[in-house]
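Participant: Just need the structure, nothing else, for what follows:
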Amino acid sequence: MRVLLVLDDVSSPAQVRALIPDGPGSTVLATSTAKLGELSLDGARAMPLEPLSERAGLLLLADRCGEERVAAEPDAAKALVDHCSGLPVALHVAAARLANNPHLTLHDLATELSVDENRLASLNAGLSASPVTAILDASYRQLPAHMAHGYRLLGWIPGPTFDAATAAAALDSDPTSAQVLLDVLEDMSLLELTEDRHYHFHGLIHLHARNRTDAADRVTTRLTVIHRVLRHYLILTAFADRAVRADRLRIADLAGLLDGQTDPFAAENGPGPLDWLAAESTNIMAVLRAADEPSLHTPAWQLAEGFTVLFLHHRHLDDWQESLRLGARYAAAAVSPAAEARLRSLLSRPLMDLGEDEQARQELTTAISCAEVVHDPVLHASVMEFSGRYWDRFDPDKAVAAYQHSRELNIRGREPRGAAIATLFLGRAQGARGDHGEALATLRQARTDLLALPTPDHRMAARATAASGRALDRMGRTTEAVATLREAANTLNALEAHAYEAEALLDLVAIAERPGTDRTTLLDDLRRAVTIHTTMGSPQAQDLRNRLNALTASAGPDR
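Facilitator: Residues are numbered from 1 along each chain as shown. You can find the predicted model right below:
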């Protein structure tokens with residue numbers, strides 16, 4: 001006789017082994033919150049269950065409380081499924097509350113569950129304790145005391161994911177001990193391991209981990225974990241920033257913090273600094289948002305300053321401007337006028353890219369005031385350079401004056417890279433006011449100076465090359481201009497300076513659109529520029545897409 005034996009809520013492999021039937025064709029189906037990996041030796045096959053999809057969750061809700069009710073409030077129904085994180089038991093409880101109270105709308109329940117602090121308690125269906133909490137408590141009680149403590153601490157890490165090193169920082173433990181805890185929590189299905197070796201709390205489990213912290217200790221525990229994780233990310237971001245460019249202007253003095261720490265980006269097979277920053281950007285943003293506490297303001301603005309190196313190369317405008325807004329606010333709260341000047345002047349760049357010119361001007365005005373208090377010629381020079389970038393858009397004469405002042409201050413402060421960069425932007429401003437011959441000479445000097453630095457700045461030198469191409473075009477030397485712009489675009493692409501690559505490509509597109517010019521690469525160049533602006537979240541992306549569509553249509557089906 002064939003037998004199907006179903007064992008629910010198994011806690012150990014021995015419970016299954018003792019009941020395996022001998023009959024041929026018989027099967028045991030065991031459910032457990034643990035992985036029970038040992039059973040693979042007995043021929044068992046693991047079948048992990050994922051949370052319900054939105055569609056499946058909506059079907060469950062409709063089955064329990066009526067299709068008409070779900071159809072009447074579709075957005076609220078989707079929010080309910082999201083707040084229940086796709087857990088069937090949570091959705092059953094939510095449906096039971098709706099079924100037991102005809103006057104309770106899906107919108108009202110979704111609003112109630114939207115508050116993190118209330119969610120687990122609200123999923124109780126009139127019972128004294130939440131069934132969701134009861135299930136999670138059963139797993140939690142199996143943890144030894146030190147692991148239960150670690151589980152609670154991990155719940156306070158900002159951000160959706162964390163790796164083993166971040167976990168070790170949050171736990172204030174060695175990597176081996178942290179990994180043991182992570183392995184146990186993953187085996188018990190309290191943590192999920194992602195493909196990139198990061199860990200993720202299911203939404204309701206995340207709340208459970210926090211709620212297991214004694215109410216009286218939650219504020220202190222939260223701040224302790226945020227401080228540890230903030231310090232961890234500050235160290236790694238500082239190393240990444242320096243790996244990209246060691247001689248960049250920085251206000252934060254982190255020599256003491258970095259002394260004795262291991263630089264992962266200096267290792268032979270270490271991660272690329274920009275790749276690492278991009279991969280961790282969501283978590284770093286979460287740390288910055290969570291750091292709005294007086295004791296955290298200084299390391300938080302220091303993190304924002306280092307983090308901006310990512311956006312100088314990959315312009316994700318929304319995150320860039322938010323991180324700098326937070327950093328500037330924290331610097332002001334920490335009474336660090338030098339940091340505030342630096343961060344507010346940097347903030348003007350994403351604001352202008354987003355079309356918020358007036359806000360950019362206000363940030364620059366504040367930055368100049370802060371810089372004047374500090375009396376640091378190099379910092380003042382940097383702020384004047386950003387001021388010139390603003391005036392580029394409105395008044396070339398004021399831009400020229402700002403860049404000349406910036407260059408003079410950099411020379412006074414013995415900052416050759418800053419002086420070379422100011423020279424580059426001075427040449428661009430000269431071209432904008434019509435002095436194309438003078439601009440070309442200035443730009444070529446800037447390129448020479450940038451490549452002559454102890455550590456040549458190939459990225460900024462390529463930007464000087466692109467600007468020289470524009471000057472050549474305005475002087476009527478179109479063939480030279482195209483070759484120069486193409487060289488710049490290729491170099492900037494190789495350096496992953498894609499925002500500036502797009503600038504050079506759009507210059508090439510503008511030339512190719514003129515009557516009688518070679519249009520061979522026009523559509524390919526424009527497509528690449530559209531891709532870059534779309535990735536950046538640029539407000540220009542849609543206009544460029546429309547322009548591409550119009551040109552593609554006029555070119556015919558072969559293109």
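Participant: Return the distance of whichever strand or helix holds Ala338 from the chain's centre.
Facilitator: Element membership for Ala338, per DSSP states H and E: helix 337-353. Averaging C-alpha positions (CA atoms, centre = their mean, to the nearest Å) puts helix 337-353 19 Å from its chain's average.
Participant: Just after it, pick out the following helix or strand.
Facilitator: Using DSSP H and E, the first helix or strand after helix 337-353 is helix 357-374.
Participant: Which parts of that following helix count as buried, going by neighbours?
Facilitator: Within helix 357-374, the residues that qualify as buried are 359-361, 363-364, 366-368, 370-371, 374, counting by 16 or more other CB atoms under 10 Å. Backbone N, C-alpha and C define where each C-beta goes, glycine included.
Participant: Please save the CA atoms from the very next helix or strand once past it in CSV.
Facilitator: Using DSSP H and E, the next helix or strand after helix 357-374 towards the C-terminus is helix 377-392. Taking C-alpha atoms only, helix 377-392 is exported to CSV below (Å, rounded to 0.1, in the frame of the first residue of the first chain):
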residue,chain,number,x,y,z
PRO,A,377,42.0,79.2,0.2
VAL,A,378,41.6,75.8,-1.4
LEU,A,379,38.1,75.3,0.0
HIS,A,380,37.2,78.8,-1.1
ALA,A,381,38.6,78.1,-4.5
SER,A,382,36.5,75.0,-4.8
VAL,A,383,33.3,76.9,-3.9
MET,A,384,34.1,79.6,-6.4
GLU,A,385,34.6,76.9,-9.1
PHE,A,386,31.1,75.6,-8.3
SER,A,387,29.8,79.1,-8.4
GLY,A,388,31.3,79.5,-11.8
ARG,A,389,29.5,76.4,-12.9
TYR,A,390,26.2,78.1,-11.9
TRP,A,391,27.1,81.3,-13.8
ASP,A,392,28.0,79.2,-16.9
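Participant: Tell me which other helices or strands the very next helix or strand once past helix 377-392 touches.
Facilitator: With elements assigned by DSSP H and E, the helix or strand that comes after helix 377-392 is helix 396-412. For helix 396-412, the contact count by 3 or more CB pairs under 8 Å, 6 or more residues apart in numbering; DSSP states H and E identifies helix 377-392, helix 416-432 as packing neighbours.
Participant: Any chance of CSV for those, columns mean pLDDT?
Facilitator: Formatted as CSV, the helices and strands packed on helix 396-412 follow (pLDDT from 0 to 100):
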stretch, mean pLDDT
helix 377-392, 97
helix 416-432, 97
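Participant: Now do Arg250 against Gly57, distance only.
Facilitator: Going from Arg250 to Gly57 by CB to CB, to the nearest Å gives 48 Å.
Participant: Let's test this: mean pLDDT of the strand or helix carrying Leu61, rounded?
Facilitator: Using DSSP H and E, Leu61 maps to helix 54-65. Mean pLDDT, computed over helix 54-65, is 93.
Participant: CA atoms only: put it into PDB for me.
Facilitator: What follows is helix 54-65, C-alpha atoms only, in PDB (Å, rounded to 0.1, in the frame of the first residue of the first chain):
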ATOM      1  CA  GLU A  54       1.000  40.000  -5.200                       C
ATOM      2  CA  ARG A  55      -1.400  38.200  -7.500                       C
ATOM      3  CA  ALA A  56      -1.500  35.100  -5.300                       C
ATOM      4  CA  GLY A  57      -2.000  37.300  -2.200                       C
ATOM      5  CA  LEU A  58      -4.900  39.100  -3.800                       C
ATOM      6  CA  LEU A  59      -6.500  35.800  -4.800                       C
ATOM      7  CA  LEU A  60      -6.200  34.600  -1.100                       C
ATOM      8  CA  LEU A  61      -7.800  37.900   0.100                       C
ATOM      9  CA  ALA A  62     -10.600  37.600  -2.400                       C
ATOM     10  CA  ASP A  63     -11.300  34.000  -1.400                       C
ATOM     11  CA  ARG A  64     -11.500  34.900   2.300                       C
ATOM     12  CA  CYS A  65     -13.300  38.200   2.300                       C
END
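Participant: Residues contacting that helix, please?
Facilitator: Contacts to helix 54-65, defined as CB atoms under 8 Å, 6 or more residues apart in numbering, come from residues 52, 69-71, 77-78, 80-82, 84, 86, 88, 91-92, 94-96, 98-99.
Participant: Off-centre distance for it?
Facilitator: 33 Å.
Participant: Buried ones among the contacts of helix 54-65?
Facilitator: Judged by 16+ other CB under 10 Å, buried ones among these: 52, 69-70, 77-78, 80-81, 84, 86, 91-92, 94-96, 98.
Participant: Pick out whichever of those sits closest to Leu426.
Facilitator: Comparing the buried ones among the contacts of helix 54-65 against Leu426 with CB to CB picks out Lys78 as the nearest, at 54.4 Å.
Participant: following the helix or strand that closest one falls within, which helix or strand comes up?
Facilitator: In the assignment (DSSP H and E), Lys78 maps to helix 74-83. Moving toward the C-terminus from helix 74-83, the next helix or strand (DSSP H and E) is helix 88-100.
Participant: Roughly how far does the closest residue to Phe425 other than its chain neighbours sit from Gln445?
Facilitator: The spatial neighbour of Phe425 that comes closest, neighbours along the chain excluded (CB to CB, 6 or more residues apart in numbering), is Tyr403 at 5.0 Å. Separation of Tyr403 from Gln445 (CB to CB) stands at 13 Å.
Participant: who's more crowded, the two?
Facilitator: Higher neighbour count among Tyr403 and Gln445: Tyr403, with 29 against 16, using other CB atoms under 10 Å.
Participant: pretty sure that one is in contact with Arg389, am I right?
Facilitator: No: applying CB atoms under 8 Å as the test, Tyr403 and Arg389 come out as separate, 9.1 Å apart.
Participant: list residues touching both of these two?
Facilitator: Common contacts of Tyr403 and Arg389, defined by CB under 8 Å, 6+ apart, comprise Phe425.
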